[in-house]
Structures are given as C-alpha cells and as structure tokens.
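Undergrad: Sequence and predicted structure, then a few things I'm wondering about:
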Amino acid sequence: QIQLVESGGGLVQSGGSLRLSCAASGFDFNYFAIGWFRQAPGKEREGVSCITANFDVTEYSDSIKGRFTISRDTAKSAVYLQMNSLKPEDTAVYYCARWSSSKCLALHHTGFWGQGTQVTVSS
C-alpha cells in the first residue's frame, strides 16, 4: 500500500521557518520523483518543487525560489521541504506527491498524494 505521510506544518510568524517532512512507503523510493504541492484557501493547487532519486530538483513556483529547499533522504525514505523567510501568502495546505515517473515531469504526472499538512504564516 502506497503511503505518503506529511508532518511539520504549523503556525509561524512572517519571516520564520518550517521544515516539512514526507514519509514514504509502499513503493520503490529509489526510483520515483517526489515533491510538494500546496493549496491556499480559494485557490487551485499549485506545484512547489520536485526532486528525483538522483537529486535533480525542479521548482514550479517562482515565488519560492531562494526561500524553499527540497531534499530527500534515501535511507529514511523521506522527502523534506525547508521553508525559510515565510510570508503570509505561503499559507496553504502542503501536500506530498509521488510522480508517476523517475523524472519531475509536468504536474499532472502525479499519481499519489498525502493528506496534507497545514502551514499558516501570520503577518
């Protein structure tokens, strides 16, 4: 059974940091690209970042460049999203997702999702 379990969300002040974690199981972690999406209230879900098993990174949102860093730990079958210099507009539910390929393809190539973790940034 494929599982993606997010953790690490919470309430933080503007300018603060959070580190999200995604624990993966039930599939070959060493093959698939995994990444993060987010969905803010009243908005469509948007891609944030993706990382391959070879540690190649694709960022889908210009707004996170220089502030968010994705990483993965093969030994722990985990993917992380380090978020620094957080802004109120980063407030959203953050979802971990597994792509259907070893590559970070277009966003619709995701097949499995976690339940999400809420990130709230206060001004």
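TA: Done, it's in. Numbers count the residues shown, from 1 in each chain.
Undergrad: Quickly list what the most centrally placed residue in the chain is bridged to.
TA: Central residue of the chain (C-alpha atoms, centre = their mean): W36, 2.3 Å from the mean position. Counting by DSSP bridges, W36 forms beta bridges with S49, C96.
Undergrad: how near is it to T69?
TA: Computed as C-beta to C-beta, to the nearest Å, the W36 to T69 distance reads 11 Å. Backbone N, C-alpha and C define where each C-beta goes, glycine included.
Undergrad: and for the two, which residues touch both?
TA: Counting by C-beta atoms under 8 Å, 6 or more residues apart in numbering, the shared contacts of W36 and T69 are L81.
Undergrad: ok, now which ones touch the residue nearest to the centre of the chain?
TA: Neighbouring residues of W36 by C-beta under 8 Å, 6+ apart: 20, 22, 47-50, 70, 79, 81, 94-97.
Undergrad: per-residue pLDDT, it?
TA: On the pLDDT scale, W36 is placed at 97.
Undergrad: Next: G111.
TA: Taking G111 on its own, its pLDDT is 83.
Undergrad: quick one: contacts for it?
TA: Residues near G111 by C-beta under 8 Å, 6+ apart: R98, W99, S100.
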